[in-house]
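A.B. asks: Sharing a model that was predicted from the sequence below.
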Amino acid sequence: MKRIHPLFKSFGSKFSTAKHFPKPFSGSTIYEPFAGSAGYSLNYPDHNVVLWEINPLLQELWRWLINEARSVDVIDIPL
């Protein structure tokens, strides 16, 4: 499955280094602490993912993206 690129950059992002981390087992759930832009999880979009993030603004962003955002909302996010 193709990798999904992050919507935003985050300090300490794991996206570029994720290829060096172990791959998750097929069908397993990915638990990503310090989620930020979910750099590791985006490499495996076919897995269930649990994101942990302490920053309340990022918590709210992920809550909105996962639960409320429509496709058109995501497309309208500036690059």
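C.D. replies: Everything's here; your move. Numbering: from 1, shown residues only.
A.B. asks: How are the helices of this structure distributed by residue range?
C.D. replies: For the chain, the helices defined by DSSP state H cover 56-67, 71-75.
A.B. asks: Highest mean neighbour count out of those helices?
C.D. replies: Across these, averaging neighbours per residue (mean count of other CB atoms under 10 Å) puts helix 56-67 on top, at a mean of 12. To be clear about C-beta, it is placed using only N, CA and C from the backbone, and glycine gets the same treatment.
A.B. asks: check contacts around the residue sitting furthest away from the middle of the chain.
C.D. replies: Relative to the centre of the chain, the most outlying C-alpha is that of V72, 18.7 Å out, by CA atoms, centre = their mean. For V72, the contact set (CB atoms under 8 Å, 6 or more residues apart in numbering) is empty.
A.B. asks: ditto for Q59
C.D. replies: Q59 touches E53, counting by CB under 8 Å, 6+ apart.
A.B. asks: pLDDT value on it, please?
C.D. replies: With respect to pLDDT, Q59 scores 93.
A.B. asks: What's the separation between it and S71?
C.D. replies: Using CB to CB, to the nearest Å, we find Q59 at a distance of 22 Å from S71.
A.B. asks: Let's test this: mean pLDDT of stretch 39-55, rounded?
C.D. replies: Averaging pLDDT residue by residue across stretch 39-55 gives 90.
A.B. asks: List the buried residues in that stretch.
C.D. replies: Buried residues in stretch 39-55, counted by 16 or more other CB atoms under 10 Å: G39, Y40, S41, L42, N43, Y44, H47, V49, L51, E53.
A.B. asks: so the third one touches I30, yeah?
C.D. replies: This points to S41. Yes. Between S41 and I30 there is a contact at 5.1 Å, judged by CB atoms under 8 Å.
A.B. asks: who touches both of those two?
C.D. replies: With CB under 8 Å, 6+ apart, S41 and I30 have common neighbours H47, V49.
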